[in-house]
Structure formats: structure tokens, C-alpha cells
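# missing the sequence, but the structure's below:
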DNA sequence: CATAAATTGTAATAAATAATTAAATTTAGG
DNA sequence: CCTAAATTTAATTATTTATTACAATTTATG
């Protein structure tokens, strides 16, 4: 196994591969070659092999990959065999929608707590999940062994929330506020910036070269 | 103005620059040099200049950029001066949360319609926005001049929804279903895959090199 | 047991993207 | 009118990422 740094593009693809393998397993497929995998899911077979090669040798020459085995290996590599506890900060529309988001469960994440600054909301529940006062974050994060924090507050509060979170020792943060955040130390911050995505659609529509009837 | 193809990385940065300029304008700053812009927002000044150069000459040598002018220029380039009408398909938690999402308004997008397959939901409203039957998509999209569609349905229905949407002539689609979709023709599809983002956090936490106390 | 077919793993190459540097140009201001 | 400041532009280098090609390995088969 190589020790060089793995690019995020590679690990992102591992997620995709795992998803494909889950489908194949559900269909009862036992083995699959990188070529068939690629053809079926519109991927590139060499890329698959290269991505996997960073982590070891999982295939059998002449045969391909054992679906069940590779699935387990990828699950392990991605750290998905252990449940991760999630706290969502911001109990607005987005935060509460995320609380029920099925994708969390599917990837073995469990939403354990919501946080908000609004006194009215504190103590209420979204499904099984209680809303706590953001002031108590450090305490509750420790008590409930929170691994991951999700920032779902308006942009102007996001930096401050991030600082509180990191002070509480959280190492992995997903940010939905449309603002770049500055992080210090060995913390993984993943920003999902819907504004950028939207504006890239807008840019596309504005291009006169597109046959979108708008010129 | 050059006609070469602009990379999406570039247009994404344009969104960021525009956001910075909005902040500066709000503060009453009149002009700013690429260098000051870069320092202040943790960007790279040469990159800023190069990105802008694809679209024309906006700066004044010896001065920098006039905040107000560059803001207008970027708004124009990104096609944000004209309101875009959005339809959201899937009136579940995510779809309804997105309906109120402030970022849409900020980027001059207006959510004009929701669609669902669930008879119970049809006819109801989320704020001002009515929920229609997905079967009527083509008709209503035409009537309401929908420019952009947002897919917020479970993964297994997403491909089918995409096909209906594109058949109705929609050219820009934002997909939240955690599945890669296949698109034909001159259509811009932007997938926001939260599962991948989550699993990349999980991968990070699983790395033994991190000082996250988990080894 | 030898050989053909299949498929991996990986080295080499190509392509895309980003960062750096340097020179030419323009403007503002004394 | 001269100088300093800052942009524009081009050229170069470095880095990252993706693709191609092929040797090595395994399995299946007669």
C-alpha cells in the first residue's frame, strides 16, 4: 500500500464505486471486472484500477473483483463500518430537512442532536432528535460523542459557529452556509455551496452558444 | 474577449469574486486592487486577474477595479441580471426546504413551482408556491417559463424525472439525488451529492494520521 | 501440463489546471 | 512631465489529474 496523499477526487470516486457495488450485490452479482463496472456505470476502467491501487490489491487477475469483498474493503477504507454521530447546527428549514435525510442513515451516520440559538426552538424535537442551545454545544458534543458537525445557519453566523465547533474538538465539518470559512489546524471542512452551483447553471444559460432559445 | 472554453473552476471562482464584491459594496468601498481583494478574502491575485481576463478588461491600471462596475460586469457574465424561474421536483423535506432557501433569492432565482407524484400533496402550497402533479410538468414549465429544474426526489426516480424534464425543454438541472445521471444533448446538469461529501468526511476521520483521538 | 484468454496493476504519457515571473502599459498625482 | 502604482499579457514552470499501453498474473481448458 502506498502512503502518498490521496486526492479528494479519488476518495470521491471510491464513494461512487461503493454505491455501484451495493447495486451489484443487491442484484446478486458475484464478481465484476473493472471493464464491466466501467461500462455499466459510465466510468473509466483504468481509473477504477488506479484508484483502488492506492489502497492495495483487491482484484484477481483473469477474474476481476469479488463484489462482496471489494464492498467490504471500500466500506473499511471510507470508515463507514463504524457509525458516526452527527450534530446539526441550525434548526431552520435546511437543518430540520437534513435531520431526516435518508442519505445519512445509508452511509452509517446518525443525527444525534440539533442546535439553535433561538430560545423558542430549544427543547423541541424533530423526529427523535432534540434541539439544544448552541451555548451548550461543547458539553453535549462530548456527552453524545459527536464526530461530525453540520453547519446549517445563515452565512453571517457560520464563521462563529465553526469556531465554537472546533473549540469543542470536532474534527469534521460540513458547511452549507454560502461563504468560505477559515479553519485552523487538522480539521476537515467540506463546504457545499449551493450558490456557486446555482450560479454555474445561470452562467451556462447565459452563454449565447447554447441552443436554449434565449440567445 | 476570448472565445476559448471557460473551465467550470473559473466560473465557480467568479461566483466567489462576486460575493466578495457584494460585501465590499455594502461597506462602501469604491475601488479595490486584485492584490487587496486576494489578501482580504484569501484568494490569489494572479488567478483573479486571469479569470477576469477571459471575459474582457475590467480593471484600470494604477487603480484597480471599480467595485460597482466589476460587480455589474460579473453579474452580467454569470447571467444573474435576469431572474431565473426554478421548478423543484419532489416536495419532500428537501424540496420544501429548498423552496424557502434564501440563496435562491440572493442569486436572482425565483422558485415558481413544486412538483410531486403524491396525490395528497398536489394542490397544497409551500409558502406561495403551489405543488403540481409531475405529470403536468411540461405544460406548467412552458406556462410559467421555467428555466431551471431542481431534482429532489429519491435516487431511484431521478433518472426518470430527468428525462421528463429534458423532454420538456429544460436546459439547466440541479440534482440532489445521490446517483450519477446520464444526460443527452446540450443540457447542463449539476449534481450536488451529499453522500459523497459525507463519506469524504468519514474517510478523513478514518485516517490514522489524524490527531482525532481515534487512531 | 501447456496454452489461450481474461484481467489486473502500474509505468509512461498526455492533458488540464494552477502558480510564478517578467515585461509592457496605463493612470494618478505631485 | 516624471514617478510610482497597479493592471494586462505572455511565457514559463510546476502540479495535479486522466488516459493509454502493456507486462504480469491467474484461470480455464483441452
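On my side now, so go ahead. On a predicted model such as this, the values are computed, not experimentally measured, just so you know.
# what are the ranges of the helices in chain A?
Along chain A, counting by DSSP state H, helices occupy A:8-26, A:34-41, A:45-53, A:67-77, A:93-99, A:102-106, A:137-143, A:155-167, A:194-206.
# The longest one packs against which elements?
Secondary structure elements in contact with helix A:8-26, counted by 3 or more Cβ pairs under 8 Å, 6 or more residues apart in numbering or on different chains; DSSP states H and E, are helix A:34-41, helix A:45-53, helix A:67-77, helix B:194-206. Heads up, the C-betas are built off the backbone N, CA and C, glycines and all.
# In JSON lines: the helices of chain A, plus mean neighbour count and mean pLDDT.
What follows is the helices of chain A, written out as JSON lines (neighbours: other Cβ atoms under 10 Å in any protein chain shown; pLDDT from 0 to 100):
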{"stretch": "helix A:8-26", "mean neighbour count": "18", "mean pLDDT": "95"}
{"stretch": "helix A:34-41", "mean neighbour count": "16", "mean pLDDT": "92"}
{"stretch": "helix A:45-53", "mean neighbour count": "17", "mean pLDDT": "95"}
{"stretch": "helix A:67-77", "mean neighbour count": "18", "mean pLDDT": "95"}
{"stretch": "helix A:93-99", "mean neighbour count": "22", "mean pLDDT": "92"}
{"stretch": "helix A:102-106", "mean neighbour count": "17", "mean pLDDT": "89"}
{"stretch": "helix A:137-143", "mean neighbour count": "16", "mean pLDDT": "97"}
{"stretch": "helix A:155-167", "mean neighbour count": "18", "mean pLDDT": "95"}
{"stretch": "helix A:194-206", "mean neighbour count": "23", "mean pLDDT": "93"}
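# is it possible to export these to a markdown table including distance to residue B:42?
Output for the helices of chain A, formatted as a markdown table (distance: least, Cβ to Cβ, whole Å):
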| stretch | distance to residue B:42 |
| --- | --- |
| helix A:8-26 | 19 |
| helix A:34-41 | 37 |
| helix A:45-53 | 30 |
| helix A:67-77 | 31 |
| helix A:93-99 | 25 |
| helix A:102-106 | 30 |
| helix A:137-143 | 26 |
| helix A:155-167 | 12 |
| helix A:194-206 | 16 |
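# Could you measure from the residue of chain A found nearest DNA strand C over to residue A:9?
Taking Cβ to the nearest atom of the strand as the measure, chain A has residue A:59 as its residue closest to DNA strand C, at 2.9 Å. Separation of residue A:59 from residue A:9 (Cβ to Cβ, to the nearest Å): 21 Å.
# now the longest strand anywhere in chain A: mean pLDDT?
Taking DSSP state E as the assignment, the strand of chain A that covers the most residues is strand A:109-116. For strand A:109-116, mean pLDDT is 97.
# how far is it from where the chain is centred?
Its chain's average C-alpha position is 15 Å from that of strand A:109-116, according to Cα atoms, centre = their mean, to the nearest Å.
# still on that earlier bit, looking at the helices and strands packed on helix A:8-26, which is closest to residue A:21?
Closest to residue A:21 of the helices and strands packed on helix A:8-26 is helix A:67-77 (Cβ to Cβ; 4.4 Å).
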